[in-house]
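# model this:
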Amino acid sequence: MTGSEYDYIVVGAGSAGCLLANRLSADPANRVLLIEAGGRDSNTLFRLPMLMGRLMHSGIYNWGFQTEPEPHLNGRRVFWPRGKVLGGSSTINGMIYVRGNPADYDGWEQMGLPGWSFEKVLPLFKRSEAHVDREDSFHGRAGELTVRRARGTNAMFETYVEAGQQAGYPFTDDFNGASQEGFGRYDFTIRRGRRCSAATAFLAPAANRPNLTVVTRALAHRVSIEDGRATGVEFRSGRDVVTVRATREVVLSAGVVGSPHLLMLSGIGDAEHLHEHGISTIHHLPGVGRNVQDHVDCCLVHECRQPVSLRENLRIDRITLGVLRAAMFGTGFVTTFPYESGSFIRSSADLEVPDIQTHFMPATEATANLHWSLPALGRRRSVAEEHGTTIRIGPVVPKSRGQITLRSGDPADSPCIQANYLDDRRDVDAVVAGVQLMRDVMAKPAFARTLGRELEPGSQNRTDAQIANWLVDAAMTTLHPVGSCKMGTDTDAVVDAQLRVHGIEALRVADASVMPVITRGNTNAPTIMIAERASDLILDRSAAGSVAP
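Numbers count the residues shown, from 1 in each chain. Reported below is the predicted structural model:
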């Protein structure tokens, strides 16, 4: 394959890369190469939504990154699962479809990034979307990505929404509609009971195009740069190191970790840092790897006094039957996701838009894990031991910033990840406020008959100061890292508003790493939108432009 030539080379077949491969190869005249370090998404279990949690932590299809010891989390290393497979993290994520708040994108444009206002990006969201249940000015039905309403039947999902209304918050039927604020149920990228990943939605329909080549299990080593222009990519495939050429552009869609890592391996980054690892500087760009942001959160956990949680469905005998039903018919409990309800709220009336997001599950992690054994084995547990609720609570506009740096100059060595969770005191204050507000919600009449003792943070952690201390050991990631190849014009910016790498011709980055500021909510939908925008920029068409089937 060495010496092969393509018009466009896309590195990384995640949410962004799969869409780009589709859009760029829609014109038969464009020769497109898509390079993916992982394999094909052939494991059927990954398509069953309820099994997501178990499989995400299994290490299958996963880079399995760990952060460096986090200084504000008692030196804990935090697990950073990132997809290593066709579809990337959309193949292992929670499938929640949240675009963010219009204020996020208007804020990007106000930072000097024309074309990124909500008015401009809404058509991009709609273009890729095929919503099964909604048809209005905020949603599309003609795209490839199937989106649908939550379908779980457990009554506690609605109880949580009812309690939120009793606490004075609005009901929100659509977190991607006219108003994000309030309590409601999420939409999901699920098609006929199975995960609709980016590979399923965008890559599969394009797979047989003769002008699209997809190479899996290929680890990118560096981007070839000649006279300040990206001319190709070097990657390992099996035992061979292969170099391919791009006549038009190279696009990095390797994600928040992979894209800055590959830039630095290619000599693009902070010159002093590159020198420390024996890499010659092609272009001094100190912002590469900086500006990392992630949604940190924690869990408010209660026992239940009645058998109302998901527990019974999580017994191994019922899971087994559920898997068979889901695989054969695309119906039943296993085709839904456990965190179906949630909210976006303001921690202060002074704020104009929400700063807190929650995800509600009618179960606890502990009780969920108990029931991967036969029900007849072991002692009989009480209702309170087996049934409970969990609310994940976190700020959607975190102020803390981390960075991705090289561990060595060897492409096979994972880079160093320093998330710096809770480095900024404002993040601590936001989480604490969220916990106290959710305690108020859970005290409302809707839960009076079912809710039992609070397990976490627990009665021993009542004050703001006590909760802040508890967070050191309890805080975790919501798995939404972004920002390591910041879009902008300042000294830390890596790409411009057209996603072109500053100082290098014919090289773009198009994935979650370009977000200058993280969006309010789950980040998969915004990543797909960024790829839609990138395809327009590369192909020089308007956001309203048509897309070939």
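
# need the helices for this protein, in chain order.
Counting by DSSP state H, one finds helices in the chain at the ranges 15-25, 52-56, 102-110, 118-128, 156-166, 198, 255-265, 271-276, 316-329, 365-370, 383-386, 425-442, 464-474, 524-539.

# mean neighbour count, those: which tops it?
For the helices of the chain, the stretch with the most neighbours on average is helix 198, a mean of 33; neighbours defined as mean count of other Cβ atoms under 10 Å. Glycine gets a C-beta too; all of them are placed from N, C-alpha and C.

# any idea how far the residue nearest to residue 187 when sequence neighbours are not counted lies from residue 66?
Spatial nearest neighbour of residue 187, excluding adjacent residues (Cβ to Cβ, 6 or more residues apart in numbering): residue 97 at 4.5 Å. Residue 97 sits 28 Å away from residue 66, going by Cβ to Cβ, to the nearest Å.

# more crowded one of those two?
Neighbours were counted for residue 97 and for residue 66 using other Cβ atoms under 10 Å; residue 97 has more, 25 against 14.

# the more buried one contacts residue 188, doesn't it?
Yes - because the distance of 6.0 Å satisfies Cβ atoms under 8 Å, residue 97 is recorded as touching residue 188.

# quick check: neighbours shared by the two?
residue 147 (Cβ atoms under 8 Å, 6 or more residues apart in numbering).

# rewinding a little: let me have the helices of the chain in CSV, extended by distance to residue 414 and mean pLDDT.
CSV is the format used below for these (distance: least, Cβ to Cβ, whole Å; pLDDT from 0 to 100):
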stretch, distance to residue 414, mean pLDDT
helix 15-25, 19, 98
helix 52-56, 18, 69
helix 102-110, 30, 98
helix 118-128, 31, 98
helix 156-166, 38, 98
helix 198, 23, 98
helix 255-265, 8, 98
helix 271-276, 16, 98
helix 316-329, 32, 82
helix 365-370, 26, 59
helix 383-386, 39, 70
helix 425-442, 26, 98
helix 464-474, 25, 98
helix 524-539, 21, 98
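
# residue 225: which of those helices is closest?
Evaluated over the helices of the chain, closeness to residue 225 peaks at helix 255-265, with 10.5 Å, by Cβ to Cβ.

# from the contact counts, what lies against that closest one?
strand 218-226, strand 240-252, strand 403-405 (3 or more Cβ pairs under 8 Å, 6 or more residues apart in numbering; DSSP states H and E).

# export those strands to CSV and tack on mean neighbour count, distance to residue 284 and mean pLDDT?
Shown next, in CSV, are the helices and strands packed on helix 255-265 (neighbours: other Cβ atoms under 10 Å; distance: least, Cβ to Cβ, whole Å; pLDDT from 0 to 100):
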stretch, mean neighbour count, distance to residue 284, mean pLDDT
strand 218-226, 20, 13, 98
strand 240-252, 21, 18, 97
strand 403-405, 23, 15, 98
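
# residue 77: which of the ones you listed is closest?
Each of the helices and strands packed on helix 255-265 was scored for nearness to residue 77 using Cβ to Cβ, and the closest is strand 403-405 (15.0 Å).

# any stretches of the stretch 301-450 of the chain with poor pLDDT?
366-381, 384-385 (pLDDT under 70).

# now with 80?
Counting by pLDDT under 80, the stretch 301-450 of the chain contains low-confidence ranges at 311-319, 365-386.

# per-residue pLDDT, the residue nearest to residue 187?
What the model reports for residue 97 is a pLDDT of 98.

# what sits against it?
147, 176, 186, 187, 188, 189, 522, 524, 525.

# distance of it relative to residue 525?
If you go by Cβ to Cβ, the gap between residue 97 and residue 525 works out to 5 Å.

# overlap in contacts, those two.
Between them, residue 97 and residue 525 have residue 176 as joint contacts when contacts are counted by Cβ under 8 Å, 6+ apart.

# format the helices and strands packed on helix 255-265 as TSV; extra columns: distance to residue 208.
Supplementary listing: these in TSV, determined by distance: least, Cβ to Cβ, whole Å:
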stretch	distance to residue 208
strand 218-226	20
strand 240-252	21
strand 403-405	36
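
# residue 432: which of those strands is closest?
Counting by Cβ to Cβ, and looking across all of the helices and strands packed on helix 255-265, nearest comes strand 403-405 at 25.6 Å.

# can you give the strand pairings for that closest one, parallel or anti for each?
Neighbouring strands of strand 403-405 in its sheet, by DSSP bridges, are strand 416-418 (antiparallel).

# spit out the contact partners of the nearest residue to residue 238 once chain neighbours are set aside.
Of all residues not flanking residue 238 in the chain, residue 217 sits nearest, at 7.6 Å (Cβ to Cβ, 6+ apart). Residues touching residue 217, when contacts are defined by Cβ under 8 Å, 6+ apart, comprise 36, 37, 38, 39, 237, 238.

# residues in contact with residue 531?
If a contact means Cβ under 8 Å, 6+ apart, then residue 531 has 15, 16, 17, 19, 20, 23, 253, 510, 511 as its contacts.

# with residue 7 instead?
24, 30, 31, 32, 246, 247, 248, 249.

# mind checking pLDDT for the third one?
Among the per-residue scores, residue 31 shows a pLDDT of 98.

# do I have it right that it meets residue 210?
No - the pair formed by residue 31 and residue 210 falls short of the contact definition of Cβ under 8 Å, at 9.4 Å.

# who's more crowded, these two?
When neighbours are counted by other Cβ under 10 Å, residue 31 comes out ahead of the other of residue 31 and residue 210, with 20 against 8.

# need the strands for the stretch 51-200 of the chain, in chain order.
Secondary structure of the stretch 51-200 of the chain, counting by DSSP state E, counting those that start in this stretch: strands at 65-66, 79-80, 96-97, 129-131, 145-149, 182-185, 187-188, 190-191, 194-195.

# adding distance to residue 487, write those out as CSV.
Shown next, in CSV, are these (distance: least, Cβ to Cβ, whole Å):
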stretch, distance to residue 487
strand 65-66, 23
strand 79-80, 22
strand 96-97, 23
strand 129-131, 23
strand 145-149, 23
strand 182-185, 30
strand 187-188, 26
strand 190-191, 30
strand 194-195, 29
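
# out of those, which gets nearest to residue 383?
Proximity to residue 383 (Cβ to Cβ) singles out strand 182-185 among the strands of the stretch 51-200 of the chain, at 25.6 Å.

# looking only at pLDDT, what's the mean for that closest one?
Along strand 182-185, the predicted confidence averages to a pLDDT of 98.

# same check on stretch 478-494?
The predicted model assigns stretch 478-494 a mean pLDDT of 97.

# could I get the buried residue list for it?
Residues 478-488, 493-494 are the ones in stretch 478-494 that count as buried (16 or more other Cβ atoms under 10 Å).

# just how off-centre is it within its chain?
Here the centre of stretch 478-494 is set off from its chain's centre by 15 Å, with Cα atoms, centre = their mean, to the nearest Å.

# repeat that for stretch 339-355.
Distance of stretch 339-355 from its chain centroid, counting by Cα atoms, centre = their mean, is 19 Å.

# also stretch 505-522?
Using Cα atoms, centre = their mean, the offset of stretch 505-522 from its chain centre is 12 Å.

# buried stuff in it?
506-522.

# could you list every residue that touches the closest residue to residue 500 other than its chain neighbours?
Closest residue in space to residue 500, ignoring its immediate chain neighbours: residue 508 at 5.4 Å, by Cβ to Cβ, 6+ apart. If you count contacts by Cβ under 8 Å, 6+ apart, residue 508 has them with 249, 250, 251, 252, 495, 498, 499, 500, 501, 534, 537, 538.

# distance check, residue 317 against residue 323.
When Cβ to Cβ is applied, the distance between residue 317 and residue 323 equals 11 Å.

# just to revisit the earlier point, could I get the contacts of residue 217 in CSV, plus columns for distance to residue 108 and neighbour count?
Formatted as CSV, these follow (distance: Cβ to Cβ, whole Å; neighbours: other Cβ atoms under 10 Å):
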residue, distance to residue 108, neighbour count
36, 28, 32
37, 29, 22
38, 30, 24
39, 35, 14
237, 37, 15
238, 41, 8
